[in-house]
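Student: What follows is a predicted protein model with its sequence.
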Amino acid sequence: MKAYEITQIRNVGIVAHGQEGKTSLTEAILFDTGALPRLGRVEEGNTATDFDEGEIKRGISISSAVAFCEWKGVKVNLIDTPGFSNFLPDTRMCLRVADIALILVSAVDGIKVQTEKVWGYAEEYGMPVVFFANKMDRERAELFRTVEDIRKGLHPAAIPLQIPIGAEAGFRGVVDLLAMKAYTFQTDGSGKVKEEEIPAELKDRAGELQHALVEAVAESEDSLLERYLESGTLSPEDLQTGLRRAIVARKLFPVLCGSALKNIGIQPLLDVLIDICPSPLDRPLVEGKDTKSKERVSREARPDAPLTALIFKTIGDPYAGKISVFRVYAGRLSADSSVYNTVKETRERIGQLSLLRGKHQVPVDEVGPGDIGAVVKLKETGTGDTLAEEKSSILLDPLPSPTPLISYAIAPKSKGDEEKMSGALSRLLEEDPSLKVSRDQQTKETIISGMGKVHLEVAVERLKRRFGVDVVMKTPRVPYKETIRGSASVQGKYKKQTGGRGQYGDCWIKLEPMPRGEKYEFANQIVGGVIPRQYIPAVEKGVVEAMERGVLAGYPVTNVKVSLYDGSYHSVDSSEMAFKIAGSMALKKGVQQATPILLEPIMAVEVSAPDDAIGDVIGDLNSRRGRVMGVEGRSKGQGIKTLVPLAEMLEYAPQLRSLTADRGDYTMEFSHYEEVPAHIQEKLVAEAKQEEKGD
């Protein structure tokens, strides 16, 4: 495999709202550069980057995929990312290692919700952006309306570098405003292109737009502006160099156009990516923490610098095993070498290295600075880990960790598959850090959490397809608790005579409510030895065990002070078991007499929503028994802080997306427990009794 200088590498993250043509564009680029022998189609399930069975079945990208190609001596690493909200955390992680964000916008529909989100990720990372107005061959497609949409919705410095030749079904090429040349394409998907003079009917329009382009480039830099004012124009060299610097500095955002599906306009796009878009050397130096001094340090993108690489994706391959995909920021990563994982603080043996083209691997001996590669079967290393030299190790900033929005309880359909399910879930978590798995100790359920129901359904499908674990997914039980509102003094007496030695335990306890958050207190107030000292722990044990299942609806009892103050014993028949049973009996009787109530978990919820949806969102939160604590303005939209019962939030994610046209987000964490309203308590108690009868 040919070695590339860092200036001859382009790392391009292809991002957009779902179904805007990212995978089709990737496929067209790979075909036109000769990396693929034929042009695949998403609907036929034969594209290079949508190779997962779930992606083929749904016809959408679920997971990011890397594919490399070469154009005019420059290596282009393409990262085809998901565009639907359930899978955007993967997109955000992959943009971290790209140097250019290529944002597709529909020339028919313009800016959509997830386009705004991926633009936000590019802003977060300070990335240069190129826009590609796709679907120019469709009915109602219009480039300049799309440019205005980008200017209004994302950034006013969007500027066209091309104008279309033909419209809608007659779209057949583009005019390049830099070279002032026309390029027409065959419409059979072959990508065959012909360079021509600009059509007469487009010459005036092309001249006007080129003049606007020259002015915009000149205004981006003082030295260029002086030259422009002196001569009235810029040389082709100054125009290209100035445009490149303006793109790198995020002062200008070029807009190109074409049709990915018909393979029109792809080669001029490639020319822009390699001629005027940044190489890894044009981007800021990577920074991290020195593992020894704990100070912030940077690494230069040089082959002789200390190795610095970031694992940004993990792929589970049924044949190759775990594939770790990485970006080298500095130094070189060589096959059959040893490296240091600064996150896990362990050494890893690097075996065979490869470059990826979707699921296909091309073996290489080393991967240099600025490049992207893959390695198989690393033992300890996972997504987000840094690989470095142990003697000069650095810890790169962690990848963003999204907060899951929806949770379901899962259980294996076949009894005895719990361990198999646990192992399979661990493998899934390696591949997808946006999935979370936990065990609810109260409800005894395994909880899987993710970014949406589709996200979790995909995970469940993978469990069955790849690991042979068939599971059921259901709404998780809410971990209600029981407590008391009043006080009670009760006797628990266990007496049993069976012919031989009997059983005798007798205790008096007082129950009192405690402040919320104080789980339980046991007070020994026995005096005079009415209950021998050795039996008192048994009483407490019986009380604690009885608290695990309350008298109202079988939920754990909390916020209760239990005082043991009296009792009696038998010198022969008393035992620890008898006093344990007596303590349990007393607790159950006491709770019934002390006005038992149900408590529910209250969540602190923070919702981000656009201004035009605030009223609907607040109204919906109020209908969920939410208490709005405050609303604050943000750069985009507003943030609503509220307290809402967990029971009302189990299906909130799809409702918020519906209310905000998929522009809303929220975070949620446990706050405290509160009393359940009487009418809801009655319903819960009735349901619990019905379940008990069913059992």
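Tutor: Received the coordinates, thanks. Residues are numbered from 1 along each chain as shown.
Student: When you work out contacts or count neighbours from here on, use the C-alpha atoms and nothing else.
Tutor: OK.
Student: longest helix anywhere in this protein?
Tutor: The longest helix of the chain (DSSP state H) is helix 200-219.
Student: What's the first helix or strand after that one?
Tutor: helix 222-231 (DSSP states H and E).
Student: is it true that residue 86 lies in a strand?
Tutor: No. Residue state for residue 86 (DSSP: H, G, I helix; E, B strand; the rest coil) corresponds to helix; a strand is not indicated.
Student: That one touches residue 451, doesn't it?
Tutor: Yes. With contact defined as C-alpha atoms under 8 Å, residue 86 counts as touching residue 451 (4.9 Å).
Student: Convert the C-alpha atoms of stretch 271-284 to PDB, please.
Tutor: This file holds the C-alpha atoms of stretch 271-284, laid out as PDB (Å, rounded to 0.1, in the frame of the first residue of the first chain):
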ATOM      1  CA  ASP A 271     -11.600  18.400  -6.700                       C
ATOM      2  CA  VAL A 272     -12.800  20.800  -4.100                       C
ATOM      3  CA  LEU A 273     -12.100  18.400  -1.200                       C
ATOM      4  CA  ILE A 274      -8.400  17.900  -2.300                       C
ATOM      5  CA  ASP A 275      -7.700  21.400  -3.700                       C
ATOM      6  CA  ILE A 276      -9.200  23.800  -1.200                       C
ATOM      7  CA  CYS A 277     -10.100  21.800   1.900                       C
ATOM      8  CA  PRO A 278      -7.700  21.200   4.900                       C
ATOM      9  CA  SER A 279      -5.300  18.400   5.400                       C
ATOM     10  CA  PRO A 280      -4.700  17.200   9.000                       C
ATOM     11  CA  LEU A 281      -1.700  19.600   9.000                       C
ATOM     12  CA  ASP A 282      -4.100  22.500   8.600                       C
ATOM     13  CA  ARG A 283      -6.000  21.700  11.800                       C
ATOM     14  CA  PRO A 284      -5.100  22.700  15.300                       C
END
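Student: Can you list the low-confidence ranges for this protein?
Tutor: Where the chain drops to pLDDT under 70, the residues are 1, 499-500, 635, 694-695.
Student: State the distance from residue 496 to residue 577.
Tutor: According to C-alpha to C-alpha, to the nearest Å, residue 496 and residue 577 sit 12 Å apart.
Student: Please identify which of the two sits among more neighbours.
Tutor: Ranked by neighbour count (other C-alpha atoms under 10 Å), residue 496 and residue 577 place residue 577 first, with 18 against 13.
Student: residue contacts, the residue nearest to residue 628 when sequence neighbours are not counted?
Tutor: The spatial neighbour of residue 628 that comes closest, neighbours along the chain excluded (C-alpha to C-alpha, 6 or more residues apart in numbering), is residue 642 at 4.2 Å. Residue 642 makes contacts with 604, 605, 606, 626, 627, 628, 629, 630, as judged by C-alpha atoms under 8 Å, 6 or more residues apart in numbering.
Student: List the contacts of the most centrally placed residue in the chain.
Tutor: A centroid search over the chain (C-alpha atoms, centre = their mean) returns residue 89, at 2.7 Å, as the residue closest to the centre. Neighbouring residues of residue 89 by C-alpha under 8 Å, 6+ apart: 401, 402, 434.
Student: That one belongs to a strand?
Tutor: No. Using three-state DSSP, the assignment for residue 89 is helix, not a strand.
Student: Break down the stretch 1-150 of the chain into its helices, ranges please.
Tutor: 22-32, 53-58, 88-95, 113-124, 143-153 (DSSP state H, counting those that start in this stretch).
Student: Check what contacts the fourth one and list those residues.
Tutor: Think helix 113-124. 15-18, 83-85, 91-92, 95, 101, 103, 105, 128-129, 153-154, 661-663.
Student: among these, which ones are buried?
Tutor: Buried by 16 or more other C-alpha atoms under 10 Å: 15-18, 83-85, 91-92, 95, 101, 103, 105, 128-129, 662-663, out of the contacts of helix 113-124.
Student: From those, which land in strands?
Tutor: Per DSSP state E, strands hold the following members of those: 15, 101, 103, 105, 129.
Student: Name the strands paired with the helix or strand containing the residue nearest to residue 628 and say parallel or antiparallel.
Tutor: Using DSSP H and E, residue 642 maps to strand 638-645. According to DSSP bridges, strand 638-645 forms sheet pairs with strand 596-609 (antiparallel), strand 627-633 (antiparallel).
Student: Output it as CSV - backbone C-alpha positions only.
Tutor: This file holds the C-alpha atoms of strand 638-645, laid out as CSV (Å, rounded to 0.1, in the frame of the first residue of the first chain):
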residue,chain,number,x,y,z
GLN,A,638,-35.0,27.7,25.7
GLY,A,639,-34.3,25.4,28.6
ILE,A,640,-37.0,24.2,30.9
LYS,A,641,-36.1,22.9,34.4
THR,A,642,-38.8,20.7,35.9
LEU,A,643,-39.6,17.9,38.4
VAL,A,644,-41.6,15.1,37.0
PRO,A,645,-42.6,11.6,38.3
